[in-house]
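# sequence below, structure please.
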Amino acid sequence: MVNQFSSPLKNLTQQFDKLIGGRLWLKVIIALALGVFLGILLGPDLGIFSTNTVKTITAWLALPGQIFLAIIQMVVVPLVVASIVKGLAANNNPDAIKKNGLIALIFITTSTALAAVIGIALALTIQPGQFVDATALVDPNAAPLINGLAKGFPGVSELPDKVSGLIPRNPLASMASGEMLQVILFAAVLGAAMLSIPAKQSKPLFELFGALQDVSLRIVSWAMLLAPLAVFGLITRLVANIGIDVLAGMAIYVVTVVLGLLIISVLYFIVAKITLVQSFKHFFSNIRELLLLAFSTSSSAAVMPLTLQVVEEKLNIKPEIARFLVPLGATINMTGTAMYQGVATVFLAQVFSIDLNLFSYLFVVTMAVAASIGSPATPGAGIIILSMVLEGVGIPAAGIALILGVDRILDMCRTSVNVLGDIVACTTVQYLTRHSTSTDKHTIILQE
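The predicted model follows:
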């Protein structure tokens, strides 16, 4: 009898393994669903387990996720340096490099400003702040923390020092502290200097950076084996700690932000359809795993190695474009974050009955663009940037306590949009420069 029942179960298991075998995106979706289900069981809403027990269980479940993120973060800096240097080597035309960078900068700043405008317009239309009672939700103890974060942003008088601080005086220290913009500038200067010396002298260094890039990508492929377990553990801990009631109380605000992110995603897909010779179905199938991992890790920097791999191998973006723009985009292309700042600012203004004028909205758009440049591509960066925007328009910083409970899930959503923006920036630059770069085809092949 045992064999009769175990045989169908074994066959079903084998069929299931065959179905998901090699399909990382399907494994990640299953892990997400299981993580949400287990998180609800462990969460405070059902009250089955004590708080200490839940913390212990979720800490161990999140261990694979922490290992996954640590491995990825371990190789981000060497991979960024190697990729930018190799990207410059793949295109030894300084004019083409300047053109790629200029087009990318225009695209990123325009899309970021547009995203902030979309967020403001949605919040003014839906008015999510009218559905929230501020006195019942604001935690006064959160104000000193948020104000402390806001003080970390420069005023106008401090701006020159901040600009000069972008030049890494000690590149190794910048690498150790994860200052990605400084690392990118160092790699760009290093690559440009290597191109300015005779090819016979620079060839060994270029080969060294090529080997470093290959080794980093191999480590990433090993880390990807942990991805489903990482997603399962991280999502379980998230849901177990937040609970359903907190999410339900801010439902209108969450829906507004998600709607804005969906609008931006649709616009990005339209641009990708125009700039990339791929069907929508093919394009989506190529990037779905990347977007799911960006959603689960909440860090565009953490998935940067996979973004590079997808852009080059699946979307056929030229190496000189992908290896330069993907690290740059992960640092300054924060479209989803800018849209979120627009919604959150208007939402909190409605909650506290603060009237914002046209200049306030222009300030929000301007600061959304400016704050995105150099902001850390790590979980929670959006909240820190938002505190600066709120301070500039006179909204109490303590209002951030209202959205802290649901910010994690929204951070996951906007990170996926940020990564999608990095991809579309690459496709757009390649599309707009396709004629000017076609003459360099033989040079690129020889150098690769």
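
# doesn't Gln350 make contact with Gln130?
Yes. At 6.0 Å, Gln130 and Gln350 qualify as touching, with contact defined as CB atoms under 8 Å. Placement of C-beta: from N, CA and C, glycine included.

# with neighbour numbers in mind, choose between these two.
Between Gln130 and Gln350, counted using other CB atoms under 10 Å, Gln350 has the larger neighbour count: 22 against 10.

# which residues touch the more buried one?
123, 127-130 (CB atoms under 8 Å, 6 or more residues apart in numbering).

# are any of those buried, and which?
Buried members of the contacts of Gln350, scored by 16 or more other CB atoms under 10 Å, are 123, 128-129.

# from the residues you listed, pick the one nearest Leu325.
Ala123 (30.7 Å; CB to CB).

# once you drop chain neighbours, what's closest to the closest one?
Of all residues not flanking Ala123 in the chain, Val346 sits nearest, at 3.5 Å (CB to CB, 6 or more residues apart in numbering).

# check Val419 too.
Leaving out its chain neighbours, the residue that sits closest to Val419 by CB to CB, 6+ apart is Ala294, at 4.2 Å.

# and the gap between that neighbour and Glu312?
Note on Ala294: its distance to Glu312, by CB to CB, to the nearest Å, is 17 Å.

# between the two, which one's more packed in?
Ranked by neighbour count (other CB under 10 Å), Ala294 and Glu312 place Ala294 first, with 28 against 18.

# quick revisit: so what's the residue nearest to Val419 up against?
Applying CB under 8 Å, 6+ apart to Ala294 gives the contacts 300, 303, 415-416, 418-419.

# and the gap between it and Asp411?
11 Å.

# buried stuff in the helix or strand hosting Ile106?
Assigned by DSSP states H and E, Ile106 belongs to helix 94-126. Buried residues in helix 94-126, defined by neighbour count with 16+ other CB under 10 Å: 96-97, 99-100, 103-104, 107-109, 111-123, 126.

# stretch 279-299 now?
Of the residues in stretch 279-299, those with enough neighbours to count as buried (16+ other CB under 10 Å) are 283, 286-299.

# rounded mean pLDDT for it, please.
On average, the pLDDT along stretch 279-299 is 84.

# related to what we said a few turns ago, and for the residue nearest to Ala123, the neighbour number?
Counted with other CB under 10 Å, the neighbours of Val346 add up to 29.

# so who does it touch?
Shown in contact with Val346 (CB under 8 Å, 6+ apart): 119-120, 123-124, 129, 356.

# will you turn those into CSV that also has pLDDT?
Below are the contacts of Val346 laid out as CSV (pLDDT from 0 to 100):
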residue, pLDDT
Gly119, 92
Ile120, 92
Ala123, 92
Leu124, 92
Gly129, 79
Leu356, 82
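
# angle of the strand or helix carrying Lys86 against helix 94-126?
Element membership of Lys86, judged by DSSP H and E, is helix 63-90. Between the axes of helix 63-90 and helix 94-126, defined by axes from the mean of the first three to the mean of the last three CA atoms, to 10 degrees, the angle is 140 degrees.

# how far does helix 63-90 sit from the chain's center?
Relative to its chain's centre, helix 63-90 lies at 14 Å (CA atoms, centre = their mean, to the nearest Å).

# show me what it is packed up against.
helix 180-196, helix 199-223, helix 227-242, helix 280-297, helix 304-309, helix 319-332, helix 441-447 (3 or more CB pairs under 8 Å, 6 or more residues apart in numbering; DSSP states H and E).

# kindly recompute the last result at 6 Å.
helix 180-196, helix 199-223, helix 227-242, helix 319-332 (3 or more CB pairs under 6 Å, 6 or more residues apart in numbering; DSSP states H and E).

# quick one on the thing from earlier: the buried ones among the contacts of Gln350 into CSV, with extra columns for distance to Ala176?
Compiled in CSV, the buried ones among the contacts of Gln350 are given as follows (distance: CB to CB, whole Å):
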residue, distance to Ala176
Ala123, 40
Pro128, 41
Gly129, 42
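
# for the residues you listed, which one is nearest Gly329?
Once CB to CB is applied, the member of the buried ones among the contacts of Gln350 that ends up nearest Gly329 is Ala123, at 26.0 Å.

# and stretch 301-317, how far apart are its ends?
The first residue of stretch 301-317 is 19 Å away from its last residue (CA to CA, to the nearest Å).

# what's next to it, contact-wise?
Stretch 301-317 has contacts (CB atoms under 6 Å, 6 or more residues apart in numbering) with 69, 72, 76, 79, 220, 286, 290, 293-294, 322, 326, 330, 377, 426, 430.

# for Ser279, grab phi and psi.
Recorded main-chain torsions at Ser279 are phi -70, psi 160, according to degrees, to the nearest 10.

# could you do Ala302 as well?
Torsion angles, degrees, to the nearest 10, at Ala302: phi -70, psi -30.

# what is the neighbour count of it?
The number of residues packed near Ala302 is 26, by other CB under 10 Å.

# tell me the confidence at it?
The predicted local confidence for Ala302 is 74.

# where does the residue positioned nearest the centre of the chain fall, phi/psi-wise?
Nearest to the geometric centre of the chain sits Ser300, at 2.8 Å (CA atoms, centre = their mean). Backbone geometry at Ser300, expressed as degrees, to the nearest 10, gives phi -70, psi -30.
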